[in-house]
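Chemist: Got a predicted structure plus its sequence, pasted below:
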Number of protein chains: 4
Amino acid sequence: MLREHRRQQILESAKKVFAAKGYHATGVADIIKDCGIARGTFYLYFGSKRNVFETILDAFLELLKERIPRIDETVGIEGIKKQIHDNVTGVLSAYAENPDMARILLNEAVGLDKEFDRKLWDFYKDFLGLIEDALVLGQEMGIVRPLDTRIIAASIHGSMQEVVRRVLHGRFDMDLDQVVEEILAYNIRALFVPELVEAWDRL
Amino acid sequence: MLREHRRQQILESAKKVFAAKGYHATGVADIIKDCGIARGTFYLYFGSKRNVFETILDAFLELLKERIPRIDETVGIEGIKKQIHDNVTGVLSAYAENPDMARILLNEAVGLDKEFDRKLWDFYKDFLGLIEDALVLGQEMGIVRPLDTRIIAASIHGSMQEVVRRVLHGRFDMDLDQVVEEILAYNIRALFVPELVEAWDRL
Amino acid sequence: MLREHRRQQILESAKKVFAAKGYHATGVADIIKDCGIARGTFYLYFGSKRNVFETILDAFLELLKERIPRIDETVGIEGIKKQIHDNVTGVLSAYAENPDMARILLNEAVGLDKEFDRKLWDFYKDFLGLIEDALVLGQEMGIVRPLDTRIIAASIHGSMQEVVRRVLHGRFDMDLDQVVEEILAYNIRALFVPELVEAWDRL
Amino acid sequence: MLREHRRQQILESAKKVFAAKGYHATGVADIIKDCGIARGTFYLYFGSKRNVFETILDAFLELLKERIPRIDETVGIEGIKKQIHDNVTGVLSAYAENPDMARILLNEAVGLDKEFDRKLWDFYKDFLGLIEDALVLGQEMGIVRPLDTRIIAASIHGSMQEVVRRVLHGRFDMDLDQVVEEILAYNIRALFVPELVEAWDRL
DNA sequence: GATGAATGAGCTTTCATTCAT
DNA sequence: AATGAATGAAAGCTCATTCAT
C-alpha cells in the first residue's frame, strides 16, 4: 500500500522535527521540507498539525501500554522479581528505542492544550493504577510495607520518568541494564518489608 | 510605590492566566483583560509576553533555591533528620503556596523554547548537584548505601516533582505533612544502610 | 519670560534630534530626554510632534526668505554684482549657520506628508519666482541671454541646493567663500550674454 | 511564469501607492488592496514593506545607471556633443517614463533611514564621479574651463535633478527635448571655455 | 506649570489551512 | 494523488497623545 507508506514517511519526519524543535517551533513547513512533499499532500494524510502530533503521541502511549502487563502474582517471589525486572526493562527500553517519541512525550506534550493534558493524565492514571494495584497486592501478600499507595505510585512513576528524561537529554553515558538495576535497588528498598529486601538481594 | 504595585498586579494576572491557559494559548490580550489595563500599559512594565513569563519563572526558581539550603552535617544524625525534614517541607510548601507558579514551572515552562529549556536544566542541575553532594556526603559518613549518585539524585528529584504535580492537579486531598512523611519514609529506606533505617524510625 | 525660554529649549532639542535621526525615527521620547522635561510638558508647549517640526521648518523658511531681498536694478552693473554676491552668500551662510535646520529642510521635510509638501512647494515657488523675476529683468536689461526662465530658475535653485546638501553632508572641506565663487562663476557664464561675462570678471 | 507575473503586479501596485502616499503613509494594507491580494500573499513575494520599497528603488537606480555610459572622448567634439546630448536625454527620459519610480527616488527615499541614505549617497557618489571624470577629462582636453570639479559636479547634478523634480510635479507643460536643450545650453556656457561655446552652438 | 503613568488605534508579520490546477 | 500559491485571522508590539495628580 503506497498510501500507508507515504503516511509513515510523514510521521517519521514529523517525529524527528517535533523532537528536535518542539511542537510550537515546528511549522508544517519544516515537516514537509524534511519529507520532501508538498503542503497540500500533508493535509491529504493528516487533518492538521495537531493531528499528526496526536497520532505520534497515541502510538507511543499504545507502545508503552503494551510493555506494562499486569503482574502475575501466582508464580512465587522469584517469578515476581523477574516480572518486575522485565517490566521496568520493557518500559525503559521502549523509551530508549524511540528517543524522538520519548522526547515528545516527556518534553513537548506537556502543557500543549487542555485536550492533550487530559489524554496524558488519563494515560498516567492507568499507569499509576497498575502500579497502585501492584502495591496493594504486595501489601496483601505481606511483601510491601504499609504506605500510601497513591503517593508512592506517583513517586515511582516520577523517579523513573525523571531518570529517563535525563538519559534522553544525553547527560548519562550509562547502559540500560545499569539504570534498571539502580532503579530496582532503589525502589525495592523503598517499598518492601525489611525481611524481604535481604532475601530479594540474595535471589 | 504605585509603580511597583501595578507591576505586581500584572504579574499576578499573568501568573493566573498562564497557569490556567498555558503559555501559548495565553495572549497579551488575556493578561490585560484580567488586569483591567490597556495594551500599552503592559509594555510599560514588561518588554514582552516572554519577558513576563520569564520574570514569573525566575522568581519562583529563586524562591525554590532559598528553600534548599545546604545540609550541615556536623550536627549529628538527629539534626540531619530535622534538616532533611525541613528542606522537604520547605520545597513542597513553596509549591503548595504558589500553585500557579508551580503549575507554570511544571507544565508550561517545559519545552517552551531552547533558552527556557537551558534555564530549567541549569536550575535542575544545581538542584540535583545539591542532592548528589548530600548523597556523597552520606556515603562518606556511612549512612547512605552504595549507589549511583547521579541516577538516584534524578530519582529523588523526579519522585518529589511527580508527587507535587499530582497534588497540584487536585487529585490528592491529603495534607502536606502526610506527603512529606511518605516521601521521607520512601527515600530513607531507598537510600540508607539498613541499620540506620531502623534507628532513623526510632528517632 | 520663562515660558518662552522653555519653548526655545524644546525647539533646540527637537532641532538637534530631528536632524540627527530624521523625523520618523525621532520619537517624542527622544526630544524630551534630550531636553530633560516630562512628556506632558512637551504637549504644554506644542500640540504635537508634527507641530514642533513645522515650527522649526517655518522658522528656517522665514530666515531664508529674509536673506533673499529683491534685487535693486537701478544701481548699475557693479552694484548688481555685489547684490547677487551678497544674496548668494546670505543664503548659503543661512544654511551654514544652521546646519541642523538645513538638514531638516533638505533631507527630512521631503515627502513627509501632503501638507508639508505643499508648504515646501509654496516656499520654493516664491523662491523660484524671485529668481525668475531677476532673470526676466536681466533679459530686459540685455544682460541675461535668451533662455526659458522657469527651467533655468529651477536649475539655479537645484544646483545651489545640491551643493549645500553635500557641504552639509561633510564631504567638502572648503570654505563658504570658495563655494560662493564657484557657484557664481558657474551661473554667470551660464546665464549672461557673452560680452558681459568678460566684463563681469574684470569688475 | 505566473509567479513572476504576480511579483510584478505587486511591484506595480507598490510603486503606485508609494509614489502617491509616500513610504510611511503607505501600509501593506494599501498595497494589497490596490493589488487585490491577501496579506499573506504579499509576504510570499516580499519579506517586508521595506523590502518592496528597496526592490523598487534598486531597480530604478539600476535603470539610471544603464543610461549613463562613460563618455568616449576619442570621437571628436561633434561626437562628444552627441554623446552628452544622448546621455542627458537618456537620464531625463528614464525619469519621464517612470514617473512613479522617479517620485519615489526624489521624494520618498530621502531621509527614510540610515541604510537607504547610504544607498542613495553611494549611488550619487558614482553618478557625481562620472560627471567629475568627464569634467577633468574636458579640462585636460582644454574644453572645460578651470573650476572646482567637485562643486560643479554637484551643481550639474542638482540642477538636473531639480528640473526633473519640477517636471514630475506637473508644473511644466514642456516637452523633453526642450528641457534637454535648455539644460545643455545652460551647462555648456557654464562649463566650457568661451571659444568652444561659440563653436559648440555652430555645430 | 509640571509630571509621567496610562491609553488604544494601528502597524507589521506569521502560519495553519484551503483549493484551483 | 499531488501540488504550491493563496488565504486571512490573529498575534505581538509601538508610540503619539491624554489626563489625573
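Modeler: Yep, that arrived.
Chemist: contacting residues for A:Arg3?
Modeler: Shown in contact with A:Arg3 (CB atoms under 8 Å, 6 or more residues apart in numbering or on different chains): A:Tyr45. The way it works is simple: take the backbone N, C-alpha and C, and place the C-beta from them, glycine included.
Chemist: That one and chain D: what is the separation?
Modeler: For A:Arg3, the distance to chain D equals 30 Å [CB to the nearest CB, to the nearest Å].
Chemist: What does the nearest residue to A:Val110 once chain neighbours are set aside show for phi and psi?
Modeler: Leaving aside its sequence neighbours, A:Val110 sits nearest to B:Val110 (CB to CB, 6 or more residues apart in numbering or on different chains; 4.5 Å). With angles defined as degrees, to the nearest 10, B:Val110 sits at phi -80, psi 120.
Chemist: ranges for the helices of chain A?
Modeler: A:2-21, A:28-35, A:39-45, A:49-67, A:76-97, A:99-103, A:114-141, A:149-168, A:176-191, A:194-202 (DSSP state H).
Chemist: Tell me the confidence at A:Tyr95?
Modeler: With respect to pLDDT, A:Tyr95 scores 91.
Chemist: So the residue nearest to A:Val110 sits against A:Gly111, correct?
Modeler: Yes - with contacts counted by CB atoms under 8 Å, B:Val110 reaches A:Gly111, the gap being 6.3 Å.
Chemist: which residues are contacting the helix or strand of chain A with the lowest mean pLDDT?
Modeler: Sorting the helices and strands of chain A by mean pLDDT, DSSP states H and E puts helix A:194-202 at the bottom, at a mean of 79. Contact with helix A:194-202 is made by A:Ile77, A:Lys81, A:Ile143, A:Ile188, A:Arg189, A:Phe192, B:Pro194, B:Val197, B:Glu198, as judged by CB under 8 Å, 6+ apart.
Chemist: Kindly provide the distance from the fourth one to chain C.
Modeler: To chain C, A:Ile188 is 66 Å away according to CB to the nearest CB.
Chemist: What separates the first and last residues of stretch A:44-55, distance-wise?
Modeler: Using CA to CA, to the nearest Å, the end-to-end distance of stretch A:44-55 comes to 15 Å.
Chemist: swap in stretch A:184-200?
Modeler: End-to-end distance (CA to CA), stretch A:184-200: 11 Å.
Chemist: which parts of that stretch are buried?
Modeler: Using 16 or more other CB atoms under 10 Å in any protein chain shown as the test for burial, stretch A:184-200 gives A:Leu184, A:Ala185, A:Tyr186, A:Asn187, A:Ile188, A:Arg189, A:Ala190, A:Leu191, A:Phe192, A:Leu196, A:Val197, A:Trp200.
Chemist: Excluding covalently adjacent residues, which one is nearest to A:Leu105?
Modeler: A:Phe60 (5.7 Å).
Chemist: residues contacting the closest residue to A:Tyr95 other than its chain neighbours?
Modeler: Using CB to CB, 6+ apart and skipping residues adjacent in sequence, the residue nearest A:Tyr95 is A:Ala102, 4.2 Å away. Contact partners of A:Ala102, counting by CB under 8 Å, 6+ apart, are A:Phe60, A:Ala94, A:Tyr95, A:Ala96, A:Val164, A:Leu168.
Chemist: With neighbour count as extra columns, can I get those residues in JSON lines?
Modeler: Formatted as JSON lines, these follow (neighbours: other CB atoms under 10 Å in any protein chain shown):
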{"residue": "A:Phe60", "neighbour count": "21"}
{"residue": "A:Ala94", "neighbour count": "19"}
{"residue": "A:Tyr95", "neighbour count": "25"}
{"residue": "A:Ala96", "neighbour count": "16"}
{"residue": "A:Val164", "neighbour count": "24"}
{"residue": "A:Leu168", "neighbour count": "18"}
